[in-house]
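Novice: need a structure here:
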Amino acid sequence: MAVEFLKKAEKTPSTGEIETRQVVADMIAEIEADGESSARAYGAKLDGFDGNILVDADTIEAAAAHVPSQLKDDLHFAYDRVRGFAEKQLASVQEFETELSPGLWAGQKLIPLSAAGCYVPGGRYAHVASAIMSIATAKVAGVENVITCSAPSRDHGGIHPAILYTMNLCGADHILALGGVQGIAAMAFGLFTGHKANILVGPGNRFVAEAKRMLFGRVGIDLFAGPTEILIIADKKADPNIVAYDLVGQAEHGPDSPAWLITTSRKLAEDTMVLMQDLIDTLPTLQRNAADAAWRDYGEVLLCDTDEEAAQVSDAYAPEHLQLQTENLDWYVDRLQNYGSLFVGEETTVAFGDKCSGTNHILPTKGAGHYTGGLSVHKFIKIVTTQRATREANRGVAAVTARISRLEGMEGHARTGDIRLKKYFPGESFILQP
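Specialist: Here you go, the predicted structure:
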């Protein structure tokens, strides 16, 4: 077997990481030290906004008047499906208690996090769908304080009205007019709201992703959600027009968004590559510039000999979004293991999941699909365990605990079993050495 690159990326998703880390580290340290004043200063400098950071009810109500009724209907359509999917996810896990052996009971409890910070990108594009994906899912999970933020703009005098309307629709408890690292830091440190986020979620640019990574451990994060990625596996039966449109559709996210095509058909690959630049050139200026850089620097086309080879290469990439446009769809669905979200067949596309079809679009990038899936209702819930035992159950559990503990050299642990055996079964002897 052999893989042939018909187009090789000049850059990788890790390009520029060192510079990004230094910028983000300096900003987080300054905001943590100086608090709200520093966050405000960064907002004024980077977003050109010096208004109120904490958005009030009157501003939210006024924003709704600027959202067309058709868009409101569309947002409700998306909200209903994302919320419905999250509710099904919640129902898939439950509290229980089970008797593992006579008198020994163990169980699990589901405890929602008390505060979540939901980042909603608002710079290059107005990502209303990201507000739905994070905020609605957190509220379904039962999070009491959902804090959300998005970059304000001079044009709108604050957060984009459609984003603000969507944040409120989904049940956000606190809304901050802050973007970028300063928004992430404000939610993590409890600035402006008094509620420190237990978890930070949401997609963003490389600075937002790095800020989440640096804060991980002090707070939880959903996953490493860097620049968006798409990988399409296609064969000779695929339509090159559909393939090209789908690649361009994701490349417009930003100049560092990888777009990869894996195919077993040289003709499909060549036909698709011929179409790409013309499709990019027909986009509006902002989108064209982003997609052009993304395809030039990060785009790849790989020709494989067999379906198995194509699957192996795809699993090695572990793409955020994986589309299948092949004849033997079921084989690929059963075979593939590493991806954030899978789109099966020509009839569905990443954009459906990005906007309104129901599955969450906050997904793992940069190879994180090897070990995690995307944002789900479960990310906002702690699954904790419980245990209880009868005195009679101690006959076995306490003695085994003492023997294993002594084997490990942990005498203090062993004696917690000894004391119970002595109290509950006076006069009886037990083997307490390994």
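
Novice: Run through the strands of the stretch 251-400 of the chain in chain order.
Specialist: 259-263, 300-303, 321-325, 341-344, 381-389 (DSSP state E, counting those that start in this stretch).

Novice: Test my guess that residue 44 contacts residue 50.
Specialist: Yes: contact criterion Cβ atoms under 8 Å: residue 44 and residue 50 qualify, at 4.7 Å. (C-beta placed from N, C-alpha, C; glycine too.)

Novice: The stretch 51-200 of the chain: strands as residue ranges?
Specialist: Counting by DSSP E, counting those that start in this stretch, the strands of the stretch 51-200 of the chain are 96-101, 104-112, 115-119, 145-149, 174-176, 199-201.

Novice: if you compare those strands, which one is most tucked away?
Specialist: strand 115-119 (a mean of 31; mean count of other Cβ atoms under 10 Å).

Novice: What mean pLDDT does that one get?
Specialist: Averaging pLDDT along strand 115-119 yields 98.

Novice: Turn the strands of the stretch 51-200 of the chain into CSV, columns for distance to residue 293.
Specialist: As requested, the strands of the stretch 51-200 of the chain are exported to CSV (distance: least, Cβ to Cβ, whole Å):
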stretch, distance to residue 293
strand 96-101, 51
strand 104-112, 41
strand 115-119, 23
strand 145-149, 27
strand 174-176, 30
strand 199-201, 27
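
Novice: My understanding was that residue 242 contacts residue 346; is that so?
Specialist: Yes: under the criterion of Cβ under 8 Å, residue 242 makes contact with residue 346 at 5.7 Å.

Novice: what touches both of the two?
Specialist: Residues within reach of residue 242 and of residue 346 at once, by Cβ atoms under 8 Å, 6 or more residues apart in numbering, are residue 325.

Novice: mind checking which helix or strand the closest residue to residue 185 other than its chain neighbours is in?
Specialist: Once flanking residues are discounted, residue 185 sits nearest to residue 31: 4.2 Å by Cβ to Cβ, 6 or more residues apart in numbering. Taking DSSP states H and E as the definition, one finds residue 31 inside helix 17-34.

Novice: Centre of the chain to that helix, how far?
Specialist: How far helix 17-34 lies from its chain's middle: 22 Å, per Cα atoms, centre = their mean, to the nearest Å.

Novice: just to revisit the earlier point, the strands of the stretch 51-200 of the chain: which one's closest to residue 192?
Specialist: strand 174-176 (5.8 Å; Cβ to Cβ).

Novice: mind checking the end-to-end distance for stretch 173-188?
Specialist: Terminal residues of stretch 173-188 lie 15 Å apart, using Cα to Cα, to the nearest Å.

Novice: now stretch 31-39
Specialist: 6 Å.

Novice: next one: stretch 182-200
Specialist: 13 Å.

Novice: re earlier: can the strands of the stretch 251-400 of the chain go into JSON lines with extra columns for distance to residue 87?
Specialist: JSON lines is the format used below for the strands of the stretch 251-400 of the chain (distance: least, Cβ to Cβ, whole Å):
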{"stretch": "strand 259-263", "distance to residue 87": "33"}
{"stretch": "strand 300-303", "distance to residue 87": "38"}
{"stretch": "strand 321-325", "distance to residue 87": "24"}
{"stretch": "strand 341-344", "distance to residue 87": "18"}
{"stretch": "strand 381-389", "distance to residue 87": "13"}
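
Novice: Tell me which of those sits nearest to residue 4.
Specialist: Set against residue 4 and scored by Cβ to Cβ, these come closest in strand 300-303, at 4.4 Å.

Novice: ok, residues contacting that closest one?
Specialist: Identification of contacts with strand 300-303 by Cβ under 8 Å, 6+ apart yields 3-9, 258-264, 266, 269, 272-273, 313.

Novice: if we can go back for a sec, tabulate the strands of the stretch 251-400 of the chain in CSV, adding columns for distance to residue 218 and mean pLDDT.
Specialist: Formatted as CSV, the strands of the stretch 251-400 of the chain follow (distance: least, Cβ to Cβ, whole Å; pLDDT from 0 to 100):
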stretch, distance to residue 218, mean pLDDT
strand 259-263, 34, 98
strand 300-303, 36, 98
strand 321-325, 30, 98
strand 341-344, 28, 98
strand 381-389, 16, 97
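
Novice: how far is stretch 74-82 from where the chain is centred?
Specialist: Stretch 74-82 sits 19 Å away from the centroid of its parent chain (Cα atoms, centre = their mean).

Novice: same question but for stretch 361-373, I mixed them up
Specialist: Distance, stretch centre to chain centre, for stretch 361-373: 7 Å (Cα atoms, centre = their mean).

Novice: relative to strand 381-389, how tilted is the helix or strand residue 416 falls within?
Specialist: For residue 416, the element it lies in under DSSP H and E is helix 411-424. Put simply, helix 411-424 runs at 50 degrees to strand 381-389, going by axes from the mean of the first three to the mean of the last three Cα atoms, to 10 degrees.

Novice: how about helix 411-424: buried residues?
Specialist: If you call a residue buried by 16 or more other Cβ atoms under 10 Å, then helix 411-424 has these buried ones: 414, 417, 418, 420, 421.

Novice: Also stretch 246-256?
Specialist: Buried residues in stretch 246-256, defined by neighbour count with 16+ other Cβ under 10 Å: 246, 247, 248, 249, 250, 251, 252, 253, 254, 255, 256.

Novice: now those residues as a markdown table including pLDDT?
Specialist: Shown next, in a markdown table, are the buried residues of stretch 246-256 (pLDDT from 0 to 100):
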| residue | pLDDT |
| --- | --- |
| 246 | 98 |
| 247 | 98 |
| 248 | 98 |
| 249 | 97 |
| 250 | 96 |
| 251 | 96 |
| 252 | 94 |
| 253 | 91 |
| 254 | 89 |
| 255 | 93 |
| 256 | 90 |
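
Novice: What are the structural domain limits within this structure?
Specialist: Per automatic domain parsing, the structural domains of the chain span 4-13+227-373, 35-222+378-383, 392-434.

Novice: Which parts of the stretch 101-250 of the chain are helices?
Specialist: 128-131, 137-141, 161-169, 180-189, 206-215, 240-251 (DSSP state H, counting those that start in this stretch).

Novice: Is it possible to get JSON lines of those helices that adds distance to residue 335?
Specialist: As requested, these are exported to JSON lines (distance: least, Cβ to Cβ, whole Å):
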{"stretch": "helix 128-131", "distance to residue 335": "30"}
{"stretch": "helix 137-141", "distance to residue 335": "29"}
{"stretch": "helix 161-169", "distance to residue 335": "37"}
{"stretch": "helix 180-189", "distance to residue 335": "37"}
{"stretch": "helix 206-215", "distance to residue 335": "30"}
{"stretch": "helix 240-251", "distance to residue 335": "20"}
